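# With the sequence up front, the predicted model follows.
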Amino acid sequence: MTIVSPKKRAVLYARYSSDMQKATSIDGQLLLCRKIAERNNLDVIGEFVDAAKSGLTEEARDGYQRLLNGVRNHDFDVVVVEHFDRLSRDPATIQRLKQVFEFNGVDLMDQKGIYATATDISIASLYNTIYKPQLADKVRRGHDNAVANGKIPGAYAYGYRLKPGAPGERLIDKNEAKIVLRIFKEYASGRSTREIAADLTHEGVHSPGATRHKNKAGRSTWNHQCITGGRHGRGILGNELYIGEIHWNVRSTILNPETQKKQKRRNPEERHILVKNPELRIIPQELWDTVQKVRGARAIHMFGPTGKPQRRPLIPRNNEHPLAGVLRCGVCNGHMRIAQSSRNGAPRAACANAHQRGTCEHTRSFDMDVLLEDVSIKIDAKLLSPKAIEEAMGAWQEERKKDRKKGSERDNLERRRRVLTTEIERLSYAIANSRRKPDELLKRIDECDLERENVDARLRLLGNGSENVIPFDHPKFGELYRSEVKKLVSALKINPKAIETRVAFRNLIDCIVVHPGRKRMPYEYTPYLNSAVLFGKKLFPENRRKAEEIGMFAYYDNGKSEKSVSS
């Protein structure tokens, strides 16, 4: 009797780096991987792809994240790739990834058709370490040569479009050029960038984001900063291309190895490249000079003699305001941000859509200290009455029944748990391979671990989803709930910015919707309870160390169907 061993289950992974490459690269990689799997008697059960995604990042690659989830769930036995750098070009990441594969009993195979060993990965990592700087130098040299010939590598600015069949060359878009000219004229006449952005939004003029990302929602509004420019961005008013000057290599983008986020830095003057191309001019020189004078005068008026914004000193996280991230606009339901300061230095919050985009009519700002003091008083009166507790329980139970029918909450929690596990593994490996002090990484690991514990607790509460009614011990809930809220009210009166107090406040309050009101009148707002406290969770962290590490962290439901408490 001959025993035939079952075929190993295999999946394929393919990726190409940028949207400047051809999508057929994916097809070619998959075809090669299928042939490799066929030669090695593997049963291909799935494919994962990432198009136009850099191999230096992990979070932005959906296919890569789904692959990792499959590895952890033991959905397959082998991962086949064209080359190891398709998974990652970062040596540290590919080494960690091999450890994750080995831990979960998954093999890795490249185009050689043999299972990868630790030595193979080490050699590939060494090659990538040497290859990446050389590739960057070649790309940079090619870009510099293109600029010297009057071409522009990369994305095209608002007011221009690509020239068909001529990579790097630009043509003036007549419709967008009219908008650019209008912006310059209105700004030179004395109008602010916020007023200009609001008018363009109300008129339905396509914004720069809408023209570059036609299929993405939320790109139809103008932000005044795309006109003014930020710390590293020139904005429309500062883009020298509108007067036919190509300024290249002014800034560089660097990847932070610890946070995996990109940062921009200004290059030394001697590395800047300036090439003139009069065919690309949209703005007359006289109008350009007038606008730059207006910009300079306004900058001096706002920031002082230097005309440059002074960077605010870094404020430690444990000095963060308890209302930070809690306030929402009562008109558009958008987030509220710190827009200015009161005379006493207290932060004032305003609707971000009204302050930055001019798409909301709620323009009033609110003193956050005054609002916090009022909320502290109302919590005691509104949240501890038997009626408020009864209504909160009923609303929470109804919402949980709906969630059980949909099954969405459990899926979201399980997905979040997988992301947290991945983050903890990545940070642990970074600590083991970093020469820097691991304090910040350890802090982030504890944050993720604490959030994962809360997610696990919520999953246990949801059970397997077969119950029709959520078990709920009302007497125990009422006693614990009253005790915790009373502790919070007392803490808010003593020191509202203490770490434990801020954590407890965020555990209790999901969000506070601030409504428009007349000036010099009491604030009108509606706080919404956080459903986490409605299943018996303690508001205050059990020890000081946890509170210090999580800062303002608190796990809470995104639903707003719980009973609100009107002020």
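Done, it's in.

# Contacts made by stretch 347-354 with the rest, please.
By CB atoms under 8 Å, 6 or more residues apart in numbering, the residues outside stretch 347-354 that reach it are 221, 321, 323, 327, 329, 331-332, 334-342, 359-369, 371, 514. Where C-beta positions appear, they are placed from N, C-alpha and C, glycine not excepted.

# Take those residues and keep only those in helices.
Met368, Asp369, Leu371 (DSSP state H).

# now, among those residues, which is nearest to Ala92?
Minimum distance to Ala92 across the ones in helices among the contacts of stretch 347-354 is 41.2 Å, recorded for Met368 (CB to CB).

# My guess is the closest one contacts Ser341. True?
No: with contact defined as CB atoms under 8 Å, Met368 does not count as touching Ser341 (10.0 Å).

# Tell me which of the two has more neighbours.
Met368 (22 against 13; other CB atoms under 10 Å).

# show me what contacts that one?
For Met368, the contacting residues are His321, Leu323, Leu327, Ile338, Ala346, Pro347, Arg348, Ala349, by CB under 8 Å, 6+ apart.

# change it to 10 Å
Counting by CB atoms under 10 Å, 6 or more residues apart in numbering, Met368 touches 321-324, 326-327, 336, 338, 341-342, 346-349.

# Model confidence at it, what's the number?
Here, the pLDDT recorded for Met368 equals 86.

# go on, the one 5 residues further on?
pLDDT, the model's per-residue confidence, is 83 for Glu373.

# Identify the residues contacting it.
Glu373 touches Asp367, Leu492, Lys493, Pro496, counting by CB under 10 Å, 6+ apart.

# quick one on the thing from earlier: whichever of the contacts of stretch 347-354 end up buried, select them in PyMOL.
The buried residues among the contacts of stretch 347-354 can be selected in PyMOL (16 or more other CB atoms under 10 Å) with this line:
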select buried, resi 221+321+323+327+329+331+332+334+336+337+338+339+359+360+362+364+365+366+367+368+369+371+514
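
# Just the buried ones out of the contacts of Glu373, please.
Among the contacts of Glu373, those buried by neighbour count (16+ other CB under 10 Å) are Asp367, Leu492, Pro496.

# Give the rounded mean pLDDT of stretch 271-291.
On average, stretch 271-291 scores 91.

# residues of it that come out buried?
Within stretch 271-291, judged by 16+ other CB under 10 Å, the buried ones are Val275, Asn277, Leu280, Arg281, Ile282, Ile283, Leu287, Trp288, Thr290, Val291.

# Run a quick neighbour tally on Trp248.
Using other CB under 10 Å, Trp248 has 17 neighbouring residues.

# distance of it from Gln134?
Using CB to CB, to the nearest Å, Trp248 is found at 21 Å from Gln134.

# So Leu171, which state does it fall into?
At Leu171, secondary structure determined by DSSP: H, G, I helix; E, B strand; the rest coil is strand.

# show me what contacts it?
Tyr156, Tyr160, Arg161, Leu162, Lys163, Pro164, Glu279, Leu280.

# Whichever of these end up buried, select them in ChimeraX.
Burial among those is assessed by 16+ other CB under 10 Å; the matching ChimeraX selection reads:
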select :156,160,280
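
# Which of the contacts of Leu171 fall within strands?
If you go by DSSP state E, these have Tyr160, Arg161, Leu162 in strands.

# What separation is there between the second one and Ala177?
When distances are taken as CB to CB, Arg161 and Ala177 turn out to be 10 Å apart.

# and if you look at the first one?
Plainly put, Tyr160 is 8 Å away from Ala177 if you go by CB to CB.

# Over to Gly235?
Relative to Ala177, and taking CB to CB, Gly235 is found at 17 Å.

# swap in Asp510?
Remark: distance between Asp510 and Ala177 (CB to CB) = 47 Å.

# what does Arg337 give?
Noted for Arg337: a distance of 33 Å to Ala177, by CB to CB.

# Also Tyr131?
42 Å.

# Pick out whichever of these two has more residues nearby.
Comparing Tyr131 with Ala177 by other CB under 10 Å, the one with more neighbours is Ala177, at 16 against 13.

# I'd assumed Pro268 was in contact with Arg251.
No: using CB atoms under 10 Å, Arg251 is not in contact with Pro268; the gap is 11.1 Å.

# More neighbours: those two, which one.
Comparing Arg251 with Pro268 by other CB under 10 Å, the one with more neighbours is Arg251, at 14 against 7.

# Quick check: beta-bridge partners of the more buried one?
Beta-bridge partners for Arg251, by DSSP bridges, are Arg266.

# mind listing the helices for the stretch 51-200 of the chain?
62-72, 91-103, 118-148, 174-188, 193-202 (DSSP state H, counting those that start in this stretch).

# Which one of those has the poorest average confidence?
helix 118-148 (a mean of 79).

# Now that one: buried residues?
So helix 118-148, judged by 16+ other CB under 10 Å, has buried residues Asp120, Ile121, Ala124, Ser125, Asn128, Lys132, His143, Ala146, Val147.

# got those residues as CSV, with distance to Leu68 columns?
Output for the buried residues of helix 118-148, formatted as CSV (distance: CB to CB, whole Å):
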residue, distance to Leu68
Asp120, 20
Ile121, 16
Ala124, 19
Ser125, 19
Asn128, 20
Lys132, 23
His143, 33
Ala146, 37
Val147, 39
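
# I appreciate the help and will end here.
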